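Asker: Okay, here's the prediction I keep looking at, along with the sequence it came from:
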Amino acid sequence: MSLDRSDVESIAQLARLKIDDAEVPAYTQTLSNILDLVDKMQAVDTTDVEPLANPLDATQRLRADVVSEENQREQLQKVAPKAEQGLFLVPKVIE
Amino acid sequence: MLNKTVAELAKGLESGEFSSTELTQEYLTQIKSEDSKYNSFISVTEDHALAQAKAADESRAAGNTTPLTGVPIAVKDIFCTQGIKTSCGSKMLDNFEAPYESTVTEKLNAAGTVMLGKTNLDEFAMGSSCESSYYGPTKNPWALEKVPGGSSGGSAAAIAAGLAPAAIGTDTGGSIRQPASFCGITGLKPTYGRVSRWGMIAYGSSLDQGGPMTQTAEDAALVLNAMAGFDSKDSTSLDKEVPDYTAKLSEPLKGLRIGVPKEFYSEGLNSDIAATTQSAIKEIEKLGAVVKEISLPRTELSIPAYYIIAPAEASTNLSRFDGVKFGHRCEDPVDLYDMYTRTRAEGFGDEVKRRIMIGTYALSAGYYDAYYRKAQQLRRLIKDDYVKAFEEVDVIMGPTAPSLPWTIGAKENDPVSMYLEDIYTLSVNLAGLPGMSIPCGMVDGMPVGLQVIGNYFDESLLLNIGHQFQQATDWHTKRPA
C-alpha cells in the first residue's frame, strides 16, 4: 500500500498535526513502508472470525450513576497552559 | 549496601544493619555521580525520596512494616506522581506535574517503598530502544554505545548500572521484557488487567500493563505483591484474588511441561541467541521439566496486527494532547486549529507522530475494516494459538528478542527494522498473557534473555521457574564491569 503526498496531508489534517512541506516526502516513504509491513495480514482468511478487542474478552464494568468525584478544579487547572476564573482559555472560536 | 537484591535489602533494613535513610542516601549519591554516563533517569526526586525514607524509618521504629518498607525503587516516567514532573519522555509533558497519583505508585507508597526518581523511556513508550525520548537516549551499561532496549530502557539500565535495586516498567509490546533482556535483569509483564492502569499514561490501552523489573525473580515476586490487585478506577482491572507471589518460589519444577514454539527458532534469530536460550531450556529440563516442540503458527502475523492495533489506540489516546488543559501549548496561536496542529507538531517527536498517523489512517472512514477490524480478527487467531498450546503445556519458552542490542542510532531512520525486533514479545500482549524475561547467558559480552510465557494468571509459576533457574545458575548476578 503506497501513500502519496495528498494522502499524507489528509492524514496529518485528521490527526491535527502540522507537517511542513519539506517533511512530507519522508513521511510518505516511512508510512508507506509501515503499511507494506502490515499489509501481510490481508493474505489471511478471517471470514467469520470475531474481532478481539479485550484480550480476556471482558466486557466493560458499569457502576451506579452516583457522584464519585469531588471538585478538584483549582488543582487541575494549575497545570493548564491558560486558565482564568475557572475557565480554560483558548483562541476565539466564534466571531 | 549497593548491589544487594530487594530481598537482601529488606533483611538489612529489618535487622537494623542500615536505615532506609542511609540506603536511600547511598543510592542518590551513586545516581548523582554515575548517571551522566547512562542517562537512565529523567528526574531524581531527592527531597521526596529522603522524606519517604525518613517516614519508612519512623514507621519501622513504630513496628509498622511491610516486606518492602524503606526499599528504594525507580519508577518509569509514565506513571503519574502527584506534584512531581511526569514527562512520559515527551516535550509535550516537559512542564507537567501530575495533579494525581497513579494506583501503582500509590500502592508502592502504601507499601513503604522509597521512589528514587523517574526513569527514561521512549517517548510515550513507543519504541524498542529508549532512543526516542525527548531527554536523549539511555545507554546500555554493558556497552555505552548500545541501546538498553525499550521502552522501559531507563528502568532496566538503572538496575544493571546499580543505580536502583528495582524499578517499575510498563509493557505494551515487550517494553519490560526486551530491555530486561538487553540489560541482563529480570522483568515480568503480568496478565492484562492484573495491575491497574490508572494514572499510567495510556499508549495502547488494550495492551498496556505495568510490572516489576528487578535483579531476581524473587524480587519481582516481592514487588508484584505490592503492585497487583483490583482497582475500580481502571475499567479493565480484574476483580480476581491476588495470590502471594512469593509462596510458590521454592516449589520443584518436576513434571513441568515446557513448550518451545518452532516459530521462535526460525529465520531472523541470531544463532548464538538461539543456542544460548536452548541451553537454558536444557538447564530447566535438568531440574525435572519436560520439553516438547509446539507451534504458534501466527507468530509472524503479530507484527502487522500489533502495528495497527497499538497505533490505532495510541492515535485515540493521544488526541487528548491538544494544548488546552495541560502540557505544551504553542506560542501565539491564530485560531483553534492552528493551536492544535502546531502544539502537537512541536510537542511530539517523529516516532509518536508516525504512530499517530498510522493509527489515524487505520481508523479513518473506508479503511477501518481493512486495517483495524482485520487486525483484531488476527488478534483472535493469535490468542487461539496460545489457548490451544496451553492445553498441552504449562509454559512456553524461547528467546525474548531475536538480536543483541544494536548501536544507538543504527535504526533511527528505519522504523520497520525496529518493529521486526519485537517479533517474540508482541503476541503475548495481543493475547493478554503474562510473560517474563530472565538473564540466561552472554553473547559477545552482552546479556541474553530467556522469555517464559505463562497461561492467564500464572505469574506465580513464571516466578517459580525464574527463581529455580536462578538457584541453579548465576547469570542474574552478572553485572557490567
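Answerer: Received it, and whenever you're ready, just let me know what you need. Numbering: from 1, shown residues only, chains lettered A, B, ... in the order given.

Asker: mind listing what B:Gln376 touches?
Answerer: Listed by CB atoms under 8 Å, 6 or more residues apart in numbering or on different chains, the contact partners of B:Gln376 are A:Pro51, A:Leu52, A:Ala53, B:Ala305, B:Ile309. Heads up, the C-betas are built off the backbone N, CA and C, glycines and all.

Asker: so the last one sits in a helix?
Answerer: Yes: the secondary structure assignment for B:Ile309 places it in a helix, going by DSSP: H, G, I helix; E, B strand; the rest coil.

Asker: so which helix or strand takes in the closest residue to it other than its chain neighbours?
Answerer: Nearest non-adjacent residue to B:Ile309, counting by CB to CB, 6 or more residues apart in numbering or on different chains: B:Ala375, 5.0 Å away. Using DSSP states H and E, B:Ala375 sits within helix B:374-389.

Asker: pull the CA atoms of that helix into CSV?
Answerer: Extracted C-alpha coordinates of helix B:374-389, given in CSV (Å, rounded to 0.1, in the frame of the first residue of the first chain):
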residue,chain,number,x,y,z
LYS,B,374,-8.7,-7.2,10.3
ALA,B,375,-6.0,-6.7,12.9
GLN,B,376,-8.5,-7.5,15.7
GLN,B,377,-9.5,-10.7,13.9
LEU,B,378,-5.9,-11.7,13.6
ARG,B,379,-5.6,-10.9,17.3
ARG,B,380,-8.3,-13.5,18.0
LEU,B,381,-6.4,-16.1,15.9
ILE,B,382,-3.1,-15.4,17.7
LYS,B,383,-4.8,-15.8,21.1
ASP,B,384,-6.4,-19.0,19.9
ASP,B,385,-3.0,-20.4,19.0
TYR,B,386,-1.9,-19.8,22.6
VAL,B,387,-5.1,-21.2,24.1
LYS,B,388,-4.5,-24.4,22.1
ALA,B,389,-0.9,-24.6,23.1
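
Asker: who's in contact with B:Arg354?
Answerer: Taking CB under 8 Å, 6+ apart as the test, what B:Arg354 contacts is A:Tyr27, A:Thr30, A:Leu31, A:Ile34, B:Pro415.

Asker: Need the residues you listed in JSON lines (columns: neighbour count and distance to B:Gly398).
Answerer: Output for the contacts of B:Arg354, formatted as JSON lines (neighbours: other CB atoms under 10 Å in any protein chain shown; distance: CB to CB, whole Å):
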{"residue": "A:Tyr27", "neighbour count": "22", "distance to B:Gly398": "35"}
{"residue": "A:Thr30", "neighbour count": "21", "distance to B:Gly398": "30"}
{"residue": "A:Leu31", "neighbour count": "22", "distance to B:Gly398": "31"}
{"residue": "A:Ile34", "neighbour count": "24", "distance to B:Gly398": "26"}
{"residue": "B:Pro415", "neighbour count": "24", "distance to B:Gly398": "24"}
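
Asker: ok and the residue in chain A nearest chain B?
Answerer: Nearest residue of chain A to chain B: A:Pro55, at 2.5 Å (CB to the nearest CB).

Asker: From the contacts of B:Gln376, pick the one nearest A:Lys40.
Answerer: Set against A:Lys40, the nearest of the contacts of B:Gln376 by CB to CB is B:Ala305 (9.8 Å).

Asker: number of nearby residues for the closest one?
Answerer: B:Ala305 has 27 neighbours, counted by other CB atoms under 10 Å in any protein chain shown.

Asker: So for it, what pLDDT did the model give?
Answerer: At B:Ala305, the predicted lDDT confidence score is 98.

Asker: pretty sure it belongs to a strand, no?
Answerer: No: with three-state DSSP as the criterion, B:Ala305 is helix rather than part of a strand.

Asker: Could you verify my assumption that it touches B:Arg373?
Answerer: No: between B:Ala305 and B:Arg373 there is no contact under CB atoms under 8 Å: 11.3 Å.

Asker: what sits in contact with each of these two?
Answerer: With CB under 8 Å, 6+ apart as the test, B:Ala305 and B:Arg373 reach no residue in common.

Asker: quick one: the helix holding B:Ala375 to chain centroid distance?
Answerer: 23 Å (CA atoms, centre = their mean, to the nearest Å).

Asker: And the strands in the stretch 151-300 of chain B?
Answerer: Along the stretch 151-300 of chain B, counting by DSSP state E, counting those that start in this stretch, strands occupy B:166-171, B:186-189, B:209-214, B:257-261, B:290-294.
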